[in-house]
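S.K.: build me a structure from this.
(2 chains)
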Protein chains: 2
Amino acid sequence: MAARRGDTLLFPTPPVVAAHAAIGGKKEGEGPLAACFDELSADNFFGQSNWEAAEKEMALRAARLCLKKAETTPDNVSLALAGDLQAQCTASSYALRELGIPFVGLFGACSTMAEALGLGAALCSAGMADGLLAMTSSHFCAAERQFRTPLSYGAVRTPTAQWTATAAGACLLRPAGEGVQLCAATFGRVQDYKIKDINNMGAAMAPAAAATLLHYLKDTGSAPADFDRIYTGDLGHVGSQLLRDLLAAEGLLLKNHVDCGCILYDAAEQTVKSGGSGPGCCASVLCGHILPRLEKGTQKRVLFIATGALMSQTTFLQKESIPAIAHLVELRSPQQKEENG
Amino acid sequence: MAARRGDTLLFPTPPVVAAHAAIGGKKEGEGPLAACFDELSADNFFGQSNWEAAEKEMALRAARLCLKKAETTPDNVSLALAGDLQAQCTASSYALRELGIPFVGLFGACSTMAEALGLGAALCSAGMADGLLAMTSSHFCAAERQFRTPLSYGAVRTPTAQWTATAAGACLLRPAGEGVQLCAATFGRVQDYKIKDINNMGAAMAPAAAATLLHYLKDTGSAPADFDRIYTGDLGHVGSQLLRDLLAAEGLLLKNHVDCGCILYDAAEQTVKSGGSGPGCCASVLCGHILPRLEKGTQKRVLFIATGALMSQTTFLQKESIPAIAHLVELRSPQQKEENG
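M.R.: This is a model prediction of the structure:
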């Protein structure tokens, strides 16, 4: 049975990530994490006729590959938790139309993967789901024309802009068994530092990451040094520096921080400006890079904090500021079971 | 501790709806359920400068009124589950920015209220939330310009079209205590009968309502006659007839079915064509009409099945068909506690 301390849910008998898969597009296959992906497509259309359908196809492939790795089928999955950046989350809904699994749609923008993992761990730990699929995706071309300008306009990118990853990640959670353990989850509160620049998501999201991390540390009585890594996604270079500044102002020195948006691409070589973003960015880095390290035991205990900017193109044009949220899950290596609890 | 049977979660110690509030706009105040609303605004702008901000304001008022009725404050609420129809669910996110409660964003289109109640009941019953806010909203003017055409174009409405309610509903759930009991929840699977007419949501959603109801009846071994009412939201007149036809084909005669979209407006007098829709439609009918009847004991046991159409304007223009989903919660009157379990 889970316990709640402040904003944090603790799972003394932790659910596990039984399987996971990461799919990426062309640019992701040219980056430093190329070898981490299960599948890379040189065709960003993924055989479809438009970008939105391409994203759906990519999400579907990630889910199917994840189920295959777990040697199971959609029939044996209790629930899927999924969402994405497209208006009305259509990449996820259309992918779930194909899978036919009971489906709870989420919206957390780029925070969706941690939101799905936290909620999924809660449901699994309470015996309400056996196999549970947590998944999300993003597509650079679908996101650019929705949030900014159609690509064919050739708009110049500012130095603070981030590159929405063409990527998808899927995890199959189980109440117990082999796999990386989900030991705690903290759901975030909306933060808004009055950023209005739609090309500076990192600045909008950094306060949300700081707030959720501070809640988790207070709720659990832990310190940043207790973790091998504190991963955020996806603040980029600008947002990461702001996060460290915000935490320094609280007296916390963050030496073990890595942002998924900073490691997915080579910022200089791949002209991604401040780094990667999009729900698929940290989801694919989680599935392809973070979880394998925990499985091998080269990392024992990490925090995964996914951040989301909650504006729309409409609220941007209405000159609203950009609210943001961050959700956190604590992950532990299966190689270190004695430390749980 | 909850049990899972098929797609259905059963809550032997049922969480309760400790308080609820419904807010509506001008047209809702002219309809047959006007007296059911806690607050009606003749100003559909709700004092704001645009329709999207008006919806946020309405959602916020519903949440605050709900908390006031429960004699509590946002500080004492563990979690909010909310979503809406606006792209990137901005009505909910911006409302939660004001409330400052830990926030899990949902996307279920018009099914959001049942999705939030089902998930909320699961979390409350597992001891993971004390006070939990389940809320949603919709605004006719924001929805029309997003999904169809701006109102100023004066487009003619077809007979199958539904009228998106300008309304919001909010429920405060608690693990136990006084209030209508949440005894079971069934999360739906996406259904798609290849409807492509964006002015016929009822036809797109009826198969989803049928599928989820059939799952629930099979999982629990119950029959439609076991309930005082089976409420759907929001199929409208066209979709309601299709639902009854689909169930008749399965050998089920539905005599106690009421659709929230059919009772919110007077279809003939108020020129709403096939009836009401939008997440706020069934949410406000639930909070203003269904829950009070259960509280008084004039109804003992009902099903609340909220249906959502999961397309976007983009997928519509791409000539995709409209997938739909329905989520179900079983509600029982606090006047009949001996029947629980």
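S.K.: please count neighbours and contacts with C-alpha atoms only from this point.
M.R.: Noted.
S.K.: which strands or helices does whichever strand or helix holds residue A:330 pack on?
M.R.: If you go by DSSP states H and E, residue A:330 is part of strand A:324-332. Strand A:324-332 sits against helix A:112-125, strand A:180-186, helix A:201-220, strand A:301-309, with contacts defined as 3 or more C-alpha pairs under 8 Å, 6 or more residues apart in numbering or on different chains; DSSP states H and E.
S.K.: could you check whether the third one is close to chain B?
M.R.: Put plainly, it is helix A:201-220. No - on the criterion C-alpha under 8 Å from any C-alpha of the partner chain, helix A:201-220 is out of touch with chain B, staying 9.5 Å away.
S.K.: ok, back up a step: ok and the strand holding residue A:330 relative to helix A:201-220, angle-wise?
M.R.: Counting by axes from the mean of the first three to the mean of the last three C-alpha atoms, to 10 degrees, strand A:324-332 lies at 50 degrees to helix A:201-220.
S.K.: just the C-alpha atoms of strand A:324-332, please, in PDB.
M.R.: What follows is strand A:324-332, C-alpha atoms only, in PDB (Å, rounded to 0.1, in the frame of the first residue of the first chain):
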ATOM      1  CA  ALA A 324       4.500  25.200 -16.700                       C
ATOM      2  CA  ILE A 325       4.400  22.000 -14.700                       C
ATOM      3  CA  ALA A 326       6.900  19.300 -13.700                       C
ATOM      4  CA  HIS A 327       6.200  15.800 -12.500                       C
ATOM      5  CA  LEU A 328       8.800  13.600 -10.800                       C
ATOM      6  CA  VAL A 329       9.400   9.900 -10.400                       C
ATOM      7  CA  GLU A 330      12.100   8.200  -8.400                       C
ATOM      8  CA  LEU A 331      13.700   5.200 -10.100                       C
ATOM      9  CA  ARG A 332      15.900   2.600  -8.500                       C
END
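S.K.: how far off centre is that strand?
M.R.: Relative to its chain's centre, strand A:324-332 lies at 9 Å (C-alpha atoms, centre = their mean, to the nearest Å).
S.K.: kindly report the same for stretch A:40-48.
M.R.: 21 Å.
S.K.: tell me the buried residues in that stretch?
M.R.: Within stretch A:40-48, the residues that qualify as buried by neighbour count (16 or more other C-alpha atoms under 10 Å in any protein chain shown) are A:40, A:41, A:44, A:45, A:46.
S.K.: same question for it, mean pLDDT?
M.R.: Across stretch A:40-48, pLDDT averages out at 97.
S.K.: with distance to residue B:268 and secondary structure added, can I get the buried residues of stretch A:40-48 in CSV?
M.R.: Listed next are the buried residues of stretch A:40-48 as CSV, based on distance: C-alpha to C-alpha, whole Å; DSSP: H, G, I helix; E, B strand; the rest coil:
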residue, distance to residue B:268, secondary structure
A:40, 56, strand
A:41, 54, coil
A:44, 50, coil
A:45, 47, coil
A:46, 48, coil
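S.K.: list just the nearest of those to residue B:120.
M.R.: Taking C-alpha to C-alpha as the measure, residue A:46 is the one of these closest to residue B:120, at 36.8 Å.
S.K.: next up, phi/psi of that closest one, please.
M.R.: The phi/psi pair for residue A:46 (degrees, to the nearest 10) reads phi 50, psi 40.
S.K.: what do you get for residue A:283?
M.R.: Main-chain torsions, residue A:283, degrees, to the nearest 10: phi -70, psi -40.
S.K.: tell me the angle of the strand holding residue A:330 relative to strand A:301-309?
M.R.: Going by the same axes, to 10 degrees, strand A:324-332 makes 160 degrees with strand A:301-309.
S.K.: chain A: helices as residue ranges?
M.R.: Here chain A has its helices, by DSSP state H, at A:51-69, A:90-99, A:112-125, A:140-147, A:201-220, A:236-249, A:260-263, A:279-285, A:291-296, A:313-317.
S.K.: and among the ones you listed, the most buried is which?
M.R.: helix A:279-285 (a mean of 34; mean count of other C-alpha atoms under 10 Å in any protein chain shown).
S.K.: from the contact counts, what lies against that helix?
M.R.: Helices and strands touching helix A:279-285, by 3+ C-alpha pairs under 8 Å, 6+ apart, are strand A:16-24, helix A:112-125, strand A:132-138, strand A:167-174, strand A:229-233, helix A:260-263.
S.K.: show residues contacting the last one.
M.R.: Helix A:260-263 is contacted by residues A:32-33, A:231-237, A:274-277, A:281-282, A:285 when judged by C-alpha atoms under 8 Å, 6 or more residues apart in numbering or on different chains.
S.K.: and which of these is nearest residue A:58?
M.R.: Nearest to residue A:58 out of the contacts of helix A:260-263 is residue A:281 (C-alpha to C-alpha; 13.1 Å).
S.K.: where does the stretch 201-341 of chain A dip in pLDDT?
M.R.: A:336-341 (pLDDT under 70).
S.K.: near chain B, which residues of it?
M.R.: Residues of the stretch 201-341 of chain A found near chain B (C-alpha under 8 Å from any C-alpha) are A:310, A:311, A:312, A:315, A:323.
S.K.: switch the cut-off to 6 Å
M.R.: Neighbours of chain B within the stretch 201-341 of chain A, by C-alpha under 6 Å from any C-alpha of the partner chain: residue A:312.
S.K.: and the residue of the stretch 201-341 of chain A that's closest to chain B?
M.R.: With C-alpha to the nearest C-alpha, the shortest gap between the stretch 201-341 of chain A and chain B falls at residue A:312, namely 5.8 Å.
S.K.: for that residue, which non-adjacent residue is closest in space?
M.R.: residue B:88 (5.8 Å; C-alpha to C-alpha, 6 or more residues apart in numbering or on different chains).
S.K.: and stretch A:4-20, what's buried?
M.R.: Buried-residue list, stretch A:4-20, by 16+ other C-alpha under 10 Å: A:4, A:7-11, A:13-20.
S.K.: residue A:76: how many residues sit nearby?
M.R.: Neighbouring residues of residue A:76 were enumerated by other C-alpha atoms under 10 Å in any protein chain shown; the total is 12.
S.K.: same thing with residue A:158?
M.R.: By other C-alpha under 10 Å, the residues close to residue A:158 number 12.
S.K.: next up, phi/psi of it, please.
M.R.: Main-chain torsions, residue A:158, degrees, to the nearest 10: phi -80, psi 160.
S.K.: tell me the contacts of residue A:95?
M.R.: Listed by C-alpha atoms under 6 Å, 6 or more residues apart in numbering or on different chains, the contact partners of residue A:95 are A:56, A:60.
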